[in-house]
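Asker: here is the input, now give the coordinates:
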Amino acid sequence: MARRFPDPNSLYFYGASAGAAAIEVPAKDQDFYALKNVPHGQLRRRSYYSTNANAVLQCFVYNPAGL
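Answerer: A predicted model of the protein is given here:
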């Protein structure tokens with residue numbers, strides 16, 4: 001069975017319980033989100049015991065580059 005899309009040559013995505021074709025429209029500020037050659041920090045997941053929740057919880061901690 002052939003699938004029908006508005007543009008069968010575009011990328012295929014799955015979302016909203018259905019397959020669909022899509023295109024990406026570049027944003028005017030796309031350079032802001034681009035990966036740059038600068039020092040990057042680390043994102044770490046930590047577990048800790050919470051007396052309020054009476055359970056072990058998790059949090060995320062960002063450490064800037066150089067720390």
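
Asker: now the helices: where do they sit in this protein?
Answerer: Across the chain, reading from the start of the chain, the helices by DSSP state H fall at 30-33.

Asker: show me where pLDDT drops low in it?
Answerer: 1-23 (pLDDT under 70).

Asker: what segments of it are strands?
Answerer: Ranges of strands within the chain are 11-15, 18-22, 42-50, 55-63, based on DSSP state E.

Asker: give me the number of residues near residue 64?
Answerer: As a burial measure, the neighbour count of residue 64 was computed by other Cβ atoms under 10 Å and equals 9. Yep, even glycine has a C-beta here, placed from its N, CA and C like the rest.

Asker: which residues touch it?
Answerer: Shown in contact with residue 64 (Cβ atoms under 8 Å, 6 or more residues apart in numbering): residue 41.

Asker: what's the distance between it and residue 41?
Answerer: Using Cβ to Cβ, to the nearest Å, we find residue 64 at a distance of 4 Å from residue 41.

Asker: likewise residue 55?
Answerer: Using Cβ to Cβ, which is the criterion applied here, residue 55 is 28 Å from residue 41.
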